[in-house]
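Peer 1: Take a look and give me a structure for this.
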Amino acid sequence: MSYSVGQVAGFAGVTVRTLHHYDEIGLLRPGARSAAGHRRYGDADLDRLQRILFYRELGFPLEEVAVLLDDPDIDPQAHLRRQHRLLTDRIERLRKMAAAVEQAMEARKMGINLTPEEKFEVFGDFDPDEHQEEVEQRWGNTEAYRESQRRAASYTKEDWKRIQEEADELGNRFVALMRAGTPPTSEAAMDLAEEHRQGISRNHYECGHEMHACLGRMYVSDHRFTENIDKAGPGLAVYLRDAILANAERHR
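Peer 2: The predicted structure is shown next:
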């Protein structure tokens, strides 16, 4: 049984021109010719072509493929063992590449592109990604969430350190007012609440007074926010909420 160059090209997924080239350089000469001089390939030729294409898939240049296939000291079984080893090595490299791409995709999805060490340096024991899945479920379809993700993806470690320092400084000023007995409905407290709102708009997403009021309520209704905010001073979450609500009312 023999096959034409067109048939072999179809079997192997290569072009007729490629087979002609392999013939011209002596890499794959057809085992026979027709009466009209056309190339005819037999089973042995197809077996050699399969090995050629395998090595080419692994990136071997044609000259090296020829040396490998024509080495008189290597039998067909040795070729199969070598191909299996090379293929296994490539699978492992591709697996590692796929894992790296998945990690990069997840980091991009999370928005905050920091290493674990950098996150600890910036945020301390607070992990901004801990509730990412819940955040995406609750607000993933909002423009505010999408804007926040776009901005976060562009921030460097230095950007996050600046944002965290601004938040810490503002929190300390809130604590000072609270401990001094200044009412959350006072001008001073409402002015700080306005700074808080503007910081969100500046660093994360456009936050109007109505949205800011919703955040203030959540700081108290969700114990996780309350516990985190109250680390700066017991009762701060409630004080912050009341100042935010008073400021929102002031701007109606």
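
Peer 1: average pLDDT for stretch 193-213?
Peer 2: Confidence for stretch 193-213, expressed as mean pLDDT, is 89.

Peer 1: What are the buried residues along stretch 6-18?
Peer 2: Residues of stretch 6-18 classed as buried by neighbour count (16 or more other CB atoms under 10 Å): Val8, Ala9, Ala12, Val14, Thr18. Using the backbone N, CA and C atoms, a C-beta is placed for each residue, glycine as well.

Peer 1: Tell me how far stretch 90-100 lies from the chain's centre.
Peer 2: For stretch 90-100, the separation from the chain centroid amounts to 15 Å (computed by CA atoms, centre = their mean, to the nearest Å).

Peer 1: With stretch 179-194 instead?
Peer 2: 42 Å.

Peer 1: just the buried residues of stretch 6-18 now: which is nearest Ser148?
Peer 2: When the buried residues of stretch 6-18 are ranked by distance to Ser148 (CB to CB), Val14 comes first, at 49.9 Å.

Peer 1: Would you state the strands of the chain in chain order?
Peer 2: For the chain, the strands defined by DSSP state E cover 3-4, 32-33, 39-41.

Peer 1: rewinding a little: would a markdown table of the buried residues of stretch 6-18 with pLDDT be doable?
Peer 2: Shown next, in a markdown table, are the buried residues of stretch 6-18 (pLDDT from 0 to 100):
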| residue | pLDDT |
| --- | --- |
| Val8 | 93 |
| Ala9 | 93 |
| Ala12 | 91 |
| Val14 | 92 |
| Thr18 | 95 |
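
Peer 1: can you tell me which of those residues are in helices?
Peer 2: Of the buried residues of stretch 6-18, the ones assigned to helices by DSSP state H are Val8, Ala9, Ala12, Thr18.

Peer 1: and stretch 77-95, which residues are buried?
Peer 2: Residues of stretch 77-95 classed as buried by neighbour count (16+ other CB under 10 Å): His79, Gln83, Leu86.

Peer 1: Name the nearest residue to the last one, sequence neighbours excluded.
Peer 2: Meaning Leu86. Among residues not flanking Leu86 along the chain, Leu58 sits closest, at 5.5 Å (CB to CB, 6 or more residues apart in numbering).

Peer 1: Please apply the same query to the first one.
Peer 2: Using CB to CB, 6+ apart and skipping the chain neighbours, the partner closest in space to His79 is Arg51 (6.1 Å).

Peer 1: ok, the one you found - contacts?
Peer 2: Applying CB atoms under 8 Å, 6 or more residues apart in numbering, we find Arg51 in contact with Leu69, His79, Gln83.

Peer 1: And the pLDDT for the first one?
Peer 2: As summarised for this prediction, Leu69 has a pLDDT of 85.

Peer 1: again with Ala44
Peer 2: Looking at Ala44, its pLDDT is 91.

Peer 1: quick one, phi/psi of Leu27?
Peer 2: Leu27 adopts backbone torsions of phi -80, psi -40, taken as degrees, to the nearest 10.

Peer 1: where does Pro234 land on pLDDT?
Peer 2: Model confidence at Pro234 (pLDDT) stands at 92.

Peer 1: Next one, pLDDT for the residue nearest to His79 please.
Peer 2: So, for Arg51, pLDDT stands at 87.

Peer 1: Distance check, Gly13 against Gly42.
Peer 2: Separation of Gly13 from Gly42 (CB to CB, to the nearest Å): 19 Å.

Peer 1: same deal with Ala213?
Peer 2: On the measure of CB to CB, Ala213 and Gly42 end up 82 Å apart.
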